[in-house]
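**Student:** build me a structure from this.
(2 chains)
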Protein chains: 2
Amino acid sequence: MEDRLSFRLIHQDQSCPARNGELTTPRGVVSTPVFMPVGTVGTVKAIDPEELTAMGYGLILGNTYHLMLRPGTQVVKDHGGLHNFMGWPGAILTDSGGYQVFSLAALRKISEEKVTFRSHIDGLACELSPESAIDIQQDLGSNIMMVLDECPPHDAEKQYHSDSMARTTRWARRCLEARSPQGGALFGIVQGGMHLDLRKQHLEELAALPFDGLALGGLSVGEGPEQMDRIVAAMGPTMPENRPRYLMGVGLPQDIIRAVGHGIDMFDCVVPTRNARNGQLFTWDGPIQIRHAIHTRDTEPVDPNCACPACRRFSRAYLRHLYQANEILGVRLNTLHNLTFYAELMGRIRKAIAADDYDRWSQAALHRLEGLEIEKKV
Amino acid sequence: MEDRLSFRLIHQDQSCPARNGELTTPRGVVSTPVFMPVGTVGTVKAIDPEELTAMGYGLILGNTYHLMLRPGTQVVKDHGGLHNFMGWPGAILTDSGGYQVFSLAALRKISEEKVTFRSHIDGLACELSPESAIDIQQDLGSNIMMVLDECPPHDAEKQYHSDSMARTTRWARRCLEARSPQGGALFGIVQGGMHLDLRKQHLEELAALPFDGLALGGLSVGEGPEQMDRIVAAMGPTMPENRPRYLMGVGLPQDIIRAVGHGIDMFDCVVPTRNARNGQLFTWDGPIQIRHAIHTRDTEPVDPNCACPACRRFSRAYLRHLYQANEILGVRLNTLHNLTFYAELMGRIRKAIAADDYDRWSQAALHRLEGLEIEKKV
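**Tutor:** Numbering: from 1, shown residues only, chains lettered A, B, ... in the order given. Take a look at the predicted model:
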């Protein structure tokens, strides 16, 4: 199906591997580099889909594992898919469920055929095969599907990574086979842990297959920012140029800024939404902990230059009060702020690339962001 | 101060004591009968002030007790008052804190001078006198303040009610004395428990004082709907005609409909917001429990005729899913629905009064609403 997804490279920054592109989906056009808010169980936590659109988001992530368990694929299918179910007019990328099976589920057993596990909600026995992972994503009406992969612990034995990777490739082929003509786009996932030789081999295997895009998996799973940067720096620029490059589960603003510099186009992470619920608000000078007593009588906004409702209409003292009183409005305002920050971040990234200025811009941005990280630790 | 508050009686229904009026506050004009959403700690739970305005609300209630404890009166005063602190452009009525002191606080001791108690949050010793209750409400910038009263248990001894009532009158005079020239309007509160003779005596005492309005307190505190209706039916029509009549802490749609029939103009209650958080959604055919399994695959909206976001854009199955998954969006949508229902309820009430049709309209509405109440119990 030609109109599943097309990727157009718009501009290659002259100073580094960063690049601007455009993803055309049946649900609209999305500029890359793009950040996808995470809608775990059919809602980007605390946010209305209309607010996502207003902030400029056109592509979000849905979690196959969570949705298959609750409300169950059939309920979503009854509504004609996840877009209708959750009232989201934009595009949706779904993970395959693999990552959650390997991080959340209990009594996990993996075979060549499939993975069996017990639901983290009610302990019910479930299974996921490459074929059923695609079936479910198709029932959800996903615009961009991910192959079922195994994401081993980053510090697993090299032999385990190698064997797992080989199976992930076999599963990736089965996912391609399983996709129906009406199915969405499908991305392969490069594993290989912290071993660059394995990573390169896996990329080669997957790039040879007709995937619509390629992702780096198994990163941001506890290996630390330096290790992650090492892998992304080596892999990003070598990934096929004419297909979108997706770094899964990343990350903090500084992680994204660095990875864009290595040629990555797509990101997703729970950080802006989860950290908002914990009272961490992102700013260009690093994050603020709104619960801190220093904000108790502060009548100033979090960031006077931010366009979000929290900054336009409320003070730090009010946001702190809402946090202390455990009020839902506080969670909402914090989340709107952080997602507005991330949208603004991606906009500035794209602008710097368009100006062939990404290398300089990103160094300056990292300097500001990380200056505050140090301050935070004090 | 002439422009604190003015009340204009617009239309007296010919079929019953129900009446339409208009409250003019420094923060806008409010049509009565009016329902005030409750903004306990400086936020109507889960709702943005802009959404309140969009639903047609122009007057909300703030809780002196909660705000004096957290964030503390000074923090609100730093912001120039509660309107600025919480970003609310409309009018605010504040209770005096008396009700919460008598229902929430610990180690309560009442004297002629004041009431001392311990905070339900951190156990700190606090006190409230008629004068400090007014001071705090003035610091909050309240448009309509309430006198400090004692609200005894409805089944307290008659002698206790009588003695308490007499003190509440003395406190009411002290509140009037304590008000500064720049202070907001001030309402007296009629107590007297379930004793009509006491109630009538107290009303007489308070009506003789220059209050801007009069309230019935000590109702909806466990006495049951029949007892409440008996008191409101007897008292409502005898309250001063040219001043607003406020039934505190009420209530369910059917309570409001009945009380309007007895000439009441103002209401406040946590029911639409609290019940929303528990998954109870109001409809004209009575409430729906969204968690019930019957809604699991129901792709229809809660009420196809409702203008709220929940009904315009989401299905019952989606709302049920959000409830089951404990998602904040579910709380928000449920709250928006219930507050939209209450706004619509008050609009229909005012329309029926304007048409001199309130007696007939209210019987029909109660029949529909209570039909479902019975169904709910099955």
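
**Student:** host element of residue A:227?
**Tutor:** The secondary structure element spanning residue A:227 is helix A:225-235 (assigned by DSSP states H and E).

**Student:** mind saving the C-alpha coords of that helix as CSV?
**Tutor:** This file holds the C-alpha atoms of helix A:225-235, laid out as CSV (Å, rounded to 0.1, in the frame of the first residue of the first chain):
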residue,chain,number,x,y,z
PRO,A,225,23.5,8.4,28.9
GLU,A,226,27.2,7.9,27.9
GLN,A,227,26.7,4.4,26.7
MET,A,228,23.5,5.3,24.9
ASP,A,229,25.2,8.2,23.2
ARG,A,230,28.1,5.9,22.1
ILE,A,231,25.6,3.5,20.4
VAL,A,232,23.4,6.2,18.8
ALA,A,233,26.5,8.2,17.6
ALA,A,234,27.8,5.1,15.9
MET,A,235,24.5,3.8,14.5
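
**Student:** list the buried residues for it?
**Tutor:** A:228, A:229, A:231, A:232, A:235 (16 or more other Cβ atoms under 10 Å in any protein chain shown). C-beta: built from backbone N, CA, C; applies to glycine.

**Student:** using CSV, write out every CA atom in stretch A:294-303.
**Tutor:** Output in CSV follows, covering the C-alpha atoms of stretch A:294-303 (Å, rounded to 0.1, in the frame of the first residue of the first chain):
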residue,chain,number,x,y,z
ILE,A,294,11.3,28.3,47.4
HIS,A,295,8.2,28.6,45.3
THR,A,296,5.7,28.9,48.2
ARG,A,297,5.2,32.7,47.8
ASP,A,298,6.5,33.1,44.2
THR,A,299,3.9,35.0,42.2
GLU,A,300,5.9,34.7,39.0
PRO,A,301,5.1,32.1,36.3
VAL,A,302,7.4,29.1,35.7
ASP,A,303,8.6,30.6,32.4
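
**Student:** for it, give the mean pLDDT please.
**Tutor:** For stretch A:294-303, the mean per-residue pLDDT is 98.

**Student:** so residue A:235 is in contact with residue A:203, correct?
**Tutor:** Yes - between residue A:235 and residue A:203 there is a contact under Cβ atoms under 8 Å: 6.5 Å.

**Student:** overlap in contacts, those two.
**Tutor:** Common neighbours of residue A:235 and residue A:203 (criterion: Cβ atoms under 8 Å, 6 or more residues apart in numbering or on different chains): residue A:190.

**Student:** thinking again about what came up before, for the helix holding residue A:227, give me every contacting residue.
**Tutor:** When contacts are taken as Cβ under 8 Å, 6+ apart, the neighbours of helix A:225-235 outside the stretch itself are A:154, A:190, A:194, A:196, A:199-200, A:203, A:216, A:219-220, A:247, A:250-251, A:254-255, A:258-259, A:262, A:264.

**Student:** let's see 6 Å
**Tutor:** Counting by Cβ atoms under 6 Å, 6 or more residues apart in numbering or on different chains, the neighbours of helix A:225-235 from elsewhere in the structure are A:194, A:196, A:199, A:216, A:219, A:258, A:259, A:262.

**Student:** about what we covered before: return the member of the buried residues of helix A:225-235 nearest to chain B.
**Tutor:** residue A:228 (30.3 Å; Cβ to the nearest Cβ).

**Student:** and that closest one, what pLDDT?
**Tutor:** The predicted local distance difference test score for residue A:228 is 97.

**Student:** could you do the one 3 residues further on as well?
**Tutor:** With respect to pLDDT, residue A:231 has a value of 98.

**Student:** residue A:265 now?
**Tutor:** Here the pLDDT value assigned to residue A:265 is 98.

**Student:** report the contact partners of it.
**Tutor:** Residue A:265 sits next to A:21, A:32, A:33, A:244, A:245 when contact means Cβ under 6 Å, 6+ apart.

**Student:** next one: residue A:44
**Tutor:** When contacts are counted by Cβ under 6 Å, 6+ apart, residue A:44 touches residue A:37.

**Student:** please, which helix or strand holds it?
**Tutor:** Element membership of residue A:44, judged by DSSP H and E, is empty: it is in no helix or strand.

**Student:** near chain B, which residues of chain A? Just list them.
**Tutor:** Chain A has residues A:41, A:43, A:46, A:70-71, A:75, A:78-79, A:85, A:87, A:297, A:299, A:313-314, A:317-318, A:321, A:325, A:327-329, A:331 near chain B, with proximity defined as Cβ under 6 Å from any Cβ of the partner chain.

**Student:** please flag which of the contacts of residue A:265 sit within strands.
**Tutor:** Among the contacts of residue A:265, the residues falling in strands (DSSP state E) are A:21, A:32, A:245.

**Student:** top of these by number of neighbours, please.
**Tutor:** Highest neighbour count within the ones in strands among the contacts of residue A:265, by other Cβ atoms under 10 Å in any protein chain shown: residue A:245, with 30 neighbours.

**Student:** and the gap between that residue and chain B?
**Tutor:** Noted for residue A:245: a distance of 31 Å to chain B, by Cβ to the nearest Cβ, to the nearest Å.

**Student:** for the residue most central in space within chain A, give me its contacts.
**Tutor:** In chain A, the C-alpha closest to the average C-alpha coordinate belongs to residue A:268, at a distance of 1.2 Å (Cα atoms, centre = their mean). Listed by Cβ under 6 Å, 6+ apart, the contact partners of residue A:268 are A:36, A:38, A:61.

**Student:** surely it is in a helix?
**Tutor:** No - Residue A:268 is assigned strand when assessed by DSSP: H, G, I helix; E, B strand; the rest coil, not a helix.

**Student:** quick revisit: between the buried residues of helix A:225-235, which is closest to residue B:120?
**Tutor:** Within the buried residues of helix A:225-235, the smallest distance to residue B:120 is 46.9 Å, found for residue A:228 (Cβ to Cβ).

**Student:** quick check: that closest one vs residue A:258, distance?
**Tutor:** In this structure, residue A:228 lies at 9 Å from residue A:258, with Cβ to Cβ, to the nearest Å as the measure.

**Student:** now residue A:140
**Tutor:** Using Cβ to Cβ, we find residue A:140 at a distance of 32 Å from residue A:258.

**Student:** and the two? Which one has more around it.
**Tutor:** Between residue A:140 and residue A:258, counted using other Cβ under 10 Å, the more crowded position is residue A:140 (25 against 21).

**Student:** hmm, residue A:82 and that one touching each other?
**Tutor:** Yes - with contact defined as Cβ atoms under 6 Å, residue A:140 and residue A:82 form a contacting pair (4.5 Å).

**Student:** return every residue with contacts to both of the two.
**Tutor:** Both residue A:140 and residue A:82 are in contact with residue A:76, where contact means Cβ under 6 Å, 6+ apart.

**Student:** and residue A:187, what does it touch?
**Tutor:** With contact set as Cβ under 6 Å, 6+ apart, residue A:187 has these partners: A:146, A:211, A:213, A:215.

**Student:** so where does residue A:107 fall, helix or strand?
**Tutor:** Secondary-structure element containing residue A:107, defined by DSSP H and E: strand A:106-110.

**Student:** next secondary structure after that strand?
**Tutor:** Scanning onward from strand A:106-110 (DSSP H and E), the first element met is strand A:115-118.

**Student:** just the residues contacting that following strand, thanks.
**Tutor:** When contacts are taken as Cβ under 6 Å, 6+ apart, the neighbours of strand A:115-118 outside the stretch itself are A:101, A:105, A:106, A:107, A:108, A:109, A:125, A:126, A:127, A:128.

**Student:** buried stuff in that strand?
**Tutor:** Across strand A:115-118, burial judged by 16+ other Cβ under 10 Å covers A:115, A:116, A:117.

**Student:** partners of it in the sheet?
**Tutor:** According to DSSP bridges, strand A:115-118 has the following sheet partners: strand A:106-110 (antiparallel), strand A:125-128 (antiparallel).

**Student:** can you put those strands in a markdown table and add mean pLDDT and distance to residue B:335?
**Tutor:** A markdown table is the format used below for those (pLDDT from 0 to 100; distance: least, Cβ to Cβ, whole Å):
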| stretch | mean pLDDT | distance to residue B:335 |
| --- | --- | --- |
| strand A:106-110 | 89 | 35 |
| strand A:125-128 | 93 | 34 |
